[in-house]
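Enquirer: Mind looking at a prediction? Sequence and model below.
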Amino acid sequence: MDRQEFLSNVSSALGRTSPPTDVGPTPVRYPDLSEAQIAAEETRTEVATRSAELLDDAAEAMATAGWNVHRAETMEDVGDMIAGICRDIGAEKALRSGHEVLDEALIDTALERAGVELRDMTLNDGMSEEERNAMRSEHREEVFRTNVGITGGDYVVAETGTLVIHPKKGVSRLTSLAPPVHIAVIKRGQVLPSLDELFLLEHVDLNSGERHAAMNLISGPSRTGDIEATIVHGIHGPVETHIVLVG
Amino acid sequence: MKSTTKEFRSAASRALTDVRLQQAHEVVYNGFHKARLSAAGDTDDWEAQRTLGKAIKDHTIANLDYYLDMLATNVEKNGGNVYFARDGEDANAYIRGIAAKNDVSTVIKSKSMVSEEMGLNHVLEADGIEVVETDLGEYIVQLAGEAPYHIIAPAIHKTKAQVADLLAEESRSERRETAEDLTRQAREMLREVFQRADLSVTGANFAVAETGSIVLVTNEGNGRMATSMPRIHVAAMGMEKLVPSAADLSAMLRILIRSATGQRISAYVTMVNGPRAHDEEDGPEEFHLVIMNNGRDRLLRDESLREALNCIRCGACMNSCPVYRKVGGHSYGWVYPGPIGSIVSPVLTGLKDGAKLPAASSLCGACHEACPVKINIPRMLLELRSQTAQGDPDPQQRASGIGERMTWKAWRQGMMSRSRFEAGSSVGKIATAPLKRDGWLRKVPPPISGWTESRDFPAPAAKTFGKMFAERNKAKNGQ
């Protein structure tokens, strides 16, 4: 049905002829963007100054949410730690995202040493559309064959034990979803206190013209209770999730 | 979905004698209801969170035209398409059109109550399209050819053995036994469908007006699969399910998830802001948002019922309701069961068929107490009872009969005067005396036979209270 007709009917149900031009602030909304930007800056400062404490909080909440939590003192420990997880689960094939933190951790060499075949299927800027689509099809098959998906992330939320990933170039939606095991690496300074800060930052980003096609909040393994209310992991997403917290 | 709300009474009677269903209801109560109570107890300022949630929804619904316009504009700005649908038929036609244009042969669905309202599956199937539900519970009820039993746990009424039979038959493979093995089996079966699906239909737990987004909350990850694999993503929502800004989402997610399952957060929350970027490895190329009215404007127009549009579909009112816990989800006969369903279903499908639902409540107030956005459900149930009695030309509800109205008029007259009340009591006592058995009236004749159809009525006492009081006073004074 026509949009104007639909909206006029809604207006009429609310006892007016057209939508109001100004509705005032919502109960939690920042009335204007500049105010939200100031709050976002304060959040970033808090996240940096309280980073050690927030990382500890995150470790605890993530364990509660069902993550296997690994703490690494320095970036040098991360590669071997991930290789160790792959060895424990008997992984032969792994797929990684383009997140820089994985390069910092030198996981390519660590996994090679461990005898795990690691692939990065990020689309290249120089590719033609045809080549891109060929890579997409291959990625789509590979992601269901691989044993482990390895990613970084944008944030962790300490309140809920949640890893936050914005899908984008180099960060496939399926890498953290389709393989039976997902391993993610997060550095100190990436931990937000609560969902309020996460959605404040998202609110500021999206209203400042930044485009995120999507945002995924991941809190432990996939789970279902649909058969006689028995909780079982791994109905659609990973059976097992690991988080490596660095710093 | 075809409504069978008219048959509430007979369906409820059947459920009451079904041992398996009664056990399932206990699981719902012990699982969700108690988990919600402990989650609320663990949350600092839970009451403040509820107050905030109510304030956000009140504000949004009071300015629904403004925010819907904003939502549509921003979805389009993000590269998505928006369709405003008058009703289910209109929404189905739009989705059929997308499917036809893109030669779609397989559609996967991630739980959507609105698509149940639309009866979308049947419409697409009639066009020769394969439609597969991907929420495990929804998949099970789809294989069984049934409707969802509970909005959070659709297959809670099915036993493990029944699920094993359904999955073995569908996959033509070995029958599995344990919940773990059955889940693995379903995972493989559904992955095969995800691989070949061209289009996904999801619901939307929330839409965000200011950023043109929709939000999907799942524990299984089917919402993520649906927004990662098929080429086209269609999200369908009722026109009330939006919030103004992304900054409002944290408050709403907190109360939704705690109220639904008692978790601090679900395994997955996905915010979708349109189709994928051109350089992403996966994600849908096309995004459509269908915003449906389907009678919701009747709730909006009636200020005494408008609050029902604040509902965020968490299921807490159902899990806390003593009536729902006995009669179960299917008895209510339409998409939304339980206390909130007893308001929404009659108004959306017509008071004529749904007249029994507002009466299926003891008005104990447990739903009002449980509701994360403080919807005063008992008040609205009373309002609907009154509207049902008065009649409503729009959903073709006839006013109550002359006999009933005269009876209540006489009752009122009787109650207004002491002498008439006392005379009435004596007549009642004499008239019911032959029917009295062990102090109870188990069966009375028409026109008041309805009173004893589903419960016994205590017989009038030998002496009225007034008489007893007077006698005692007399004896005391006489000493």
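Expert: Perfect, thanks for sending it. Numbers count the residues shown, from 1 in each chain, chains lettered A, B, ... in the order given.
Enquirer: drop to CA atoms for contacts and neighbour counts, all remaining ones
Expert: Noted.
Enquirer: Show me where chain A has its helices.
Expert: Using DSSP state H, the helices found in chain A span residues A:3-13, A:33-49, A:51-64, A:76-88, A:100-104, A:107-113, A:129-145, A:195-207.
Enquirer: Determine which of those helices approaches residue B:459 most closely.
Expert: helix A:3-13 (49.0 Å; Cα to Cα).
Enquirer: And for the closest one, what's in contact with it?
Expert: With contact meaning Cα atoms under 8 Å, 6 or more residues apart in numbering or on different chains, helix A:3-13 is reached by A:17-19, B:64-65, B:68-69, B:83-86, B:297-298, B:300-301.
Enquirer: Near chain A, which residues of the stretch 101-250 of chain B are found?
Expert: B:136-137, B:153-156, B:158-160, B:163, B:179-180, B:183-184, B:186-187, B:191, B:211, B:219-222, B:224-225, B:228, B:244-250 (Cα under 8 Å from any Cα of the partner chain).
Enquirer: average pLDDT for the helix or strand hosting residue B:471?
Expert: Applying DSSP states H and E as the criterion places residue B:471 in helix B:465-478. The average pLDDT for helix B:465-478 rounds to 85.
Enquirer: list the buried ones in it?
Expert: With burial defined by 16 or more other Cα atoms under 10 Å in any protein chain shown, not one residue of helix B:465-478 is counted as buried.
Enquirer: Nearest the middle, which residue of chain B would you pick?
Expert: Nearest to the geometric centre of chain B sits residue B:336, at 2.7 Å (Cα atoms, centre = their mean).
Enquirer: From what I see, it and residue B:347 are in contact.
Expert: No. Under the criterion of Cα atoms under 8 Å, residue B:336 makes no contact with residue B:347, lying 11.7 Å away.
Enquirer: Give me the domain ranges for chain B.
Expert: Following automatic domain parsing, chain B resolves into domains at B:1-42+B:309-400, B:60-294, B:402-478.
Enquirer: Any idea which of those domains has the lowest pLDDT on average?
Expert: In terms of average pLDDT, domain B:402-478 trails the rest of the domains of chain B, at a mean of 80.
Enquirer: okay, now residue 173: neighbour count?
Expert: Since no chain was named, I'll use chain A. Residues near residue A:173, counting by other Cα atoms under 10 Å in any protein chain shown, number 25.
Enquirer: To clarify, I was referring to chain B.
Expert: Around residue B:173 there are 10 residues (other Cα under 10 Å).
Enquirer: that older thread, the residue nearest to the centre of chain B - that's part of a strand, no?
Expert: No. With DSSP: H, G, I helix; E, B strand; the rest coil as the criterion, residue B:336 is located in coil rather than a strand.
Enquirer: Quick one: residues contacting it.
Expert: Residues in contact with residue B:336 (Cα under 8 Å, 6+ apart) are B:151, B:342, B:344-345.
Enquirer: Quickly note the distance from the most centrally placed residue in chain A to residue B:119.
Expert: Geometric centre of chain A, nearest residue: residue A:165, 1.9 Å, by Cα atoms, centre = their mean. For residue A:165, the distance to residue B:119 (Cα to Cα, to the nearest Å) stands at 34 Å.
Enquirer: Residue B:194 and chain A: what is the separation?
Expert: Using Cα to the nearest Cα, to the nearest Å, we find residue B:194 at a distance of 10 Å from chain A.
Enquirer: How about the residues of the stretch 251-400 of chain B by chain A?
Expert: Remark: the part of the stretch 251-400 of chain B in contact with chain A comprises B:251, B:264-277, B:279-283, B:297-298, B:300-301, using Cα under 8 Å from any Cα.
Enquirer: if we go to 6 Å?
Expert: Applying Cα under 6 Å from any Cα of the partner chain, we find that the stretch 251-400 of chain B lies next to chain A at B:267-274, B:276, B:279-282, B:300-301.
Enquirer: Now stretch B:433-447: buried residues?
Expert: Neighbour count says stretch B:433-447 has B:436, B:441-444 buried, by 16+ other Cα under 10 Å.
Enquirer: Take the residues you listed and keep only those in strands.
Expert: B:436, B:441 (DSSP state E).
Enquirer: From the buried residues of stretch B:433-447, pick the one nearest chain A.
Expert: residue B:442 (38.6 Å; Cα to the nearest Cα).
Enquirer: thinking the closest one is in contact with residue B:458, fair?
Expert: No. The criterion here is Cα atoms under 6 Å, and residue B:442 misses it with residue B:458 at 8.5 Å.
Enquirer: need the residues of chain A near chain B, please.
Expert: A:1, A:3, A:7, A:10-11, A:13, A:19, A:27, A:29, A:136, A:168-169, A:172-173, A:195-196, A:199-200, A:203, A:213-220, A:222-224, A:226, A:232, A:235-237.
Enquirer: Is there a quick ChimeraX command that grabs whichever of those are buried?
Expert: Those of the residues of chain A next to chain B that count as buried under 16+ other Cα under 10 Å are selected in ChimeraX with:
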select /A:3,7,10,11,13,19,27,29,136,168,169,172,173,195,196,199,200,203,213,214,215,216,217,218,219,220,222,223,224,226,232,235,236,237
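Enquirer: which residues sit against the worst-scoring helix or strand of chain A on mean pLDDT?
Expert: Within chain A, no helix or strand scores below helix A:129-145, which has a mean of 92 by mean pLDDT, DSSP states H and E. Applying Cα atoms under 6 Å, 6 or more residues apart in numbering or on different chains, the external contacts of helix A:129-145 come out as A:178, B:281.
Enquirer: Go through that helix and flag the buried ones.
Expert: Neighbour-count burial for helix A:129-145 [16+ other Cα under 10 Å]: A:132, A:135-136, A:139-140, A:142-144.
Enquirer: Can you report how many residues lie near residue B:172?
Expert: 9.
Enquirer: Quickly note the distance from it to chain A.
Expert: 20 Å.
Enquirer: What separation is there between that residue and residue B:141?
Expert: 18 Å.
Enquirer: go on, residue B:324?
Expert: Residue B:324 sits 19 Å away from residue B:141, going by Cα to Cα.
Enquirer: same thing with residue B:49?
Expert: Relative to residue B:141, and taking Cα to Cα, residue B:49 is found at 35 Å.
Enquirer: How about residue A:234?
Expert: Counting by Cα to Cα, the gap from residue A:234 to residue B:141 is 20 Å.
Enquirer: out of the two, which sits in the more crowded spot?
Expert: Taking other Cα under 10 Å, residue A:234 and residue B:141 do not tie; residue A:234 has more neighbours (24 against 21).
Enquirer: Per-residue pLDDT of the more buried one, please?
Expert: pLDDT at residue A:234 comes out at 96.
Enquirer: For residue A:32, the count of nearby residues, please.
Expert: If we define neighbours as other Cα under 10 Å, then residue A:32 has 9 of them.
Enquirer: Over to residue A:128?
Expert: By other Cα under 10 Å, 10 other residues sit near residue A:128.
Enquirer: OK, contacts around it?
Expert: Neighbours of residue A:128 in contact, by Cα under 6 Å, 6+ apart: none.
Enquirer: again with residue A:36
Expert: By Cα under 6 Å, 6+ apart, the contact list for residue A:36 reads residue A:30.
Enquirer: Show the backbone phi and psi for the closest residue to residue B:298 other than its chain neighbours.
Expert: Residue nearest to residue B:298 in three dimensions, not counting chain neighbours: residue B:347, with 7.0 Å by Cα to Cα, 6 or more residues apart in numbering or on different chains. When read as degrees, to the nearest 10, the backbone of residue B:347 gives phi -80, psi -40.
Enquirer: Residue B:116 versus residue B:347, what's the distance?
Expert: Separation of residue B:347 from residue B:116 (Cα to Cα): 17 Å.
Enquirer: Which of those two has more residues huddled nearby?
Expert: residue B:347 (23 against 19).
Enquirer: circling back: quick one: which of the residues of the stretch 251-400 of chain B next to chain A sit in helices?
Expert: B:300-301.
Enquirer: ChimeraX command to pick out the buried ones of the residues of the stretch 251-400 of chain B next to chain A?
Expert: Per 16+ other Cα under 10 Å, the buried members of these correspond to this ChimeraX selection:
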select /B:267,268,269,270,271,272,273,274,276,280,281,282,300,301
